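Participant: Generate a structure from the sequence data that follows.
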Amino acid sequence: MKETPFEIYGRVNFLQEGKELGTSLVQDYREDSFLVTIPLQGYRKKLLVVGEWITGLYYDTKGKVYMFRSKVLGREIQNIPMYRLSIPDNLYKVQRRHDVRVPLTIPVQIALLPSAPAGSRGGERG
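Facilitator: Just a heads-up that it's a prediction; the model follows:
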């Protein structure tokens, strides 16, 4: 049995062609699959195609983000409609930063200031 990395009610964002498709919550997991709610983008339901591979971003309770690929295995209706996805073989940790370094070149000018006379304190005004 594959051990699932997903936690119940964990958030999953699905991506399609590099753009966000919608957000789901993990509802249950089994030996070979896990169940998610139908993805929502705002108030609109987004459909997944059974048999296709989908890319997802999973957010764990510690604030870490993981990318994975799963196959859409089917739809299920228990109390709510859900999709059944394959347990991914690999989870890839996505590095997220609060600060970003951007290479930047800006023109600057340097001016030499006249030196202050001996015994005076630079920058003070009388």
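Participant: which residues in the chain form helices?
Facilitator: Per DSSP state H, the chain carries no helices over any range.
Participant: quick one: low-confidence ranges for it?
Facilitator: Applying pLDDT under 70 to the chain flags the ranges 1-4, 97-99, 118-126.
Participant: Where is the longest strand in it?
Facilitator: Longest among the strand segments of the chain by residue count, using DSSP state E, is strand 65-77.
Participant: quick one: buried residues of that one?
Facilitator: Tyr66, Met67, Phe68, Arg69, Ser70, Val72, Leu73 (16 or more other C-beta atoms under 10 Å). In this view, the C-beta of every residue, glycine as well, is placed from N, C-alpha and C.
Participant: Is the fourth one bridged to anything, and to what?
Facilitator: Looking back up the chat, that one is Arg69. When assigned by DSSP bridges, Arg69 has beta-bridge partners Thr55.
Participant: residues contacting it?
Facilitator: Contact partners of Arg69, counting by C-beta atoms under 8 Å, 6 or more residues apart in numbering, are Trp53, Ile54, Thr55, Gly56, Pro88.
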